[in-house]
Every structure is written in C-alpha cells, then in structure tokens.
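1. From the sequence below, what's the structure:
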Amino acid sequence: MEDTGAEIPIESPPGAVKARMDAGEALALIDVREPFEHALARIEGCELAPMNTVPSRLEEWKRLAAGHLLVVYCHHGVRSLNVAGWLRAQGVMNCTSMAGGIEAWSLEVDRTVGRY
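-> Just a heads-up that it's a prediction; the model follows:
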C-alpha cells in the first residue's frame, strides 16, 4: 500500500471507518486514550496506545502503515486528530482520526459500546 495519503482525509466519520472494516480493508485501529478510559469502552480488535506513548512507537507505526490504514481514535476525536496530524508531520500519511471518537462510534455505529 503506497503511503501517499492523497485520498485519505485527516478525519473519517465512524460510519466510513465501519464501512472500510466491513469491506475487509486492512485497518489498524489505535486507541490513544488512557487505560482507564479503554476499560470503560473500546472497539474490539483495537490496540491501546496512550497518547504519551505515540512518539516511542513511530517506527513501528511507519512499518504498519505500509500495509494498513491507521485509524486513530480517542474519546471525542480531539486527541486523535492531534496524533494523526503529528503522524503525518512525521511522514506517516496513511492515517486518519475517527471524527467524534468512541463517543460517535457508540452513537452511530455500535450502541453496545459504552459511553462515559
């Protein structure tokens, strides 16, 4: 997968993320919230990586982004948008922030995911 980011928006609505998942696209969901937040509500199959650990995982994510779209999310989409912007500034263009975070996911995609 070419890492150009040309057609990948910096933010993607939860419904678009779900459609990509359902289509079988190679996605890596990265939850940048804190462990206590992850314990309250999470998307199955995601990877927890609190925001303060992101810089130390840059090389890992560069490799992962070569074959997967990185979908970063948090509670409301603010932290994840910052992380997606930072990743792009580091050359990881194959990433997007899930707009509205897990709160929007719970309201729009999967009501079984808890809200807090």
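
2. show me where this protein has strands.
-> In the chain, the segments counted as strands under DSSP state E are 11-12, 27-31, 47-48, 69-73, 95-98.

3. And the helix ranked longest in the chain, what does it pack against?
-> Ranked by residue count, the top helix of the chain under DSSP state H comes out as helix 78-89. On a contact count with 3 or more Cβ pairs under 8 Å, 6 or more residues apart in numbering; DSSP states H and E, helix 78-89 meets helix 58-65, strand 69-73, strand 95-98. Every C-beta, even on glycine, is put in place using the N, C-alpha and C of the backbone.

4. what sits opposite the one residue sitting closest to the centre of the chain in the beta ladder?
-> By Cα atoms, centre = their mean, the chain has its centre lying nearest to residue 72, at 1.7 Å. For residue 72, the beta-bridge partners are residue 30, residue 97 (DSSP bridges).

5. show me what contacts it?
-> Counting by Cβ atoms under 8 Å, 6 or more residues apart in numbering, residue 72 makes contact with 30, 32, 80, 83, 84, 87, 95, 96, 97, 98.

6. The same query, at a cut-off of 6 Å, please.
-> 30, 32, 80, 83, 84, 97 (Cβ atoms under 6 Å, 6 or more residues apart in numbering).

7. now residue 41: how far from residue 75?
-> As judged by Cβ to Cβ, to the nearest Å, residue 41 and residue 75 stand 9 Å apart.
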